[in-house]
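Enquirer: The following block contains a protein sequence and its predicted model.
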Amino acid sequence: MAAGKETVYIKADRNVEVTDPCVKLGDILSMECANPTVLPKLKTIKLLRFHGVDKKTQNRVAVSILKVIECIHAEYPEIEVQNLGEQDFIITYEEQQSVGGVWHILKTSQVVLISFMGAAFSIMAFNNDVGVTKMFSQIYELVTGTKSDGFTVLEFTYSIGIAIGILTFFNHFGKRRFSVDPTPIEVEMRLYENDLQTTLIENSSRKEQELDVGTKYPTGSHRS
């Protein structure tokens, strides 16, 4: 199946999610070639197939870009492949599932409730630890000359300030953002994802479970 001396440029993200158990190159790669007739054929080349995947079985595999190049050269030996993306990446298979509206609302409500209670407990524990109530009482009595009843303008503005500070720090309220910058949670989640992906790839390579040149999915060797 010669296609002439063409150059194809490929780019893979660090983590790719697919919903079809039969994974083709077009599902996981961005591809470009000067010959437009070559690309559709390259995108249909099969890379691997997930078999009998459920929650207790493997639905994630680390893949070397060399395996992709091997698959391309198996069909088109004359094509030159230039990789512009990751050298190793992860393919995750997730079956398409329709999320029920009621179940989704229940899960969201549970997360919101737990987060609210945890945040409230943390704030109260901090206030109790540093003695905010006593300090506000002393400041109020020093400035006004009257004894504080426990709920003054200091407590009110402090409560408003906490809410404003939280909104400013997390950079959004509901679906509305206050700026285009990512939120601290998004930054931390991205760092966590990068560390997780690096660990998965390194573990797969160490245990010889990575889909590489000359191997087929799944592999069975386990090297500690």
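Expert: Yep, it's here. Residues are numbered from 1 along each chain as shown.

Enquirer: Mind checking what secondary structure the nearest residue to Glu32 once chain neighbours are set aside has?
Expert: Nearest in space to Glu32, with sequence neighbours left out and distances taken as CB to CB, 6 or more residues apart in numbering, is Tyr9 at 4.6 Å. (C-beta placed from N, C-alpha, C; glycine too.) Using DSSP: H, G, I helix; E, B strand; the rest coil as the criterion, the local structure at Tyr9 reads strand.

Enquirer: So Tyr9 sits against Glu80, correct?
Expert: No. With contact defined as CB atoms under 8 Å, Tyr9 does not reach Glu80; the gap is 9.7 Å.

Enquirer: Output the lowest mean pLDDT helix or strand found in the protein.
Expert: Across the helices and strands of the chain, mean pLDDT, DSSP states H and E gives its lowest value to strand 172-173, namely a mean of 74.

Enquirer: Within the sheet, what are the partner strands of that one, with directions?
Expert: According to DSSP bridges, strand 172-173 forms sheet pairs with strand 176-177 (antiparallel).

Enquirer: which residues touch the strand it pairs with?
Expert: For strand 176-177, contacts defined as CB atoms under 8 Å, 6 or more residues apart in numbering pick out Asn171.

Enquirer: Tell me which helix or strand comes right after it.
Expert: Following strand 176-177 in sequence order, the next helix or strand is helix 184-206 (DSSP states H and E).

Enquirer: could you say what helices and strands that following helix packs with?
Expert: strand 60-64, strand 88-93, helix 153-170 (3 or more CB pairs under 8 Å, 6 or more residues apart in numbering; DSSP states H and E).

Enquirer: and those as CSV, adding distance to Val180, mean neighbour count and mean pLDDT?
Expert: Formatted as CSV, the helices and strands packed on helix 184-206 follow (distance: least, CB to CB, whole Å; neighbours: other CB atoms under 10 Å; pLDDT from 0 to 100):
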stretch, distance to Val180, mean neighbour count, mean pLDDT
strand 60-64, 32, 20, 91
strand 88-93, 28, 20, 92
helix 153-170, 15, 12, 86
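
Enquirer: on that earlier part again, who's more crowded, Tyr9 and Glu80?
Expert: The neighbour comparison of Tyr9 against Glu80 (other CB atoms under 10 Å) goes to Tyr9, with 16 against 13.

Enquirer: so what's the more buried one bridging to?
Expert: As for beta bridges, Tyr9 partners with Glu32, Gln82 under DSSP bridges.

Enquirer: now stretch 84-96: how far from the chain's centre is it?
Expert: In this view, stretch 84-96 has its centroid 12 Å away from the chain centroid, taken as CA atoms, centre = their mean, to the nearest Å.
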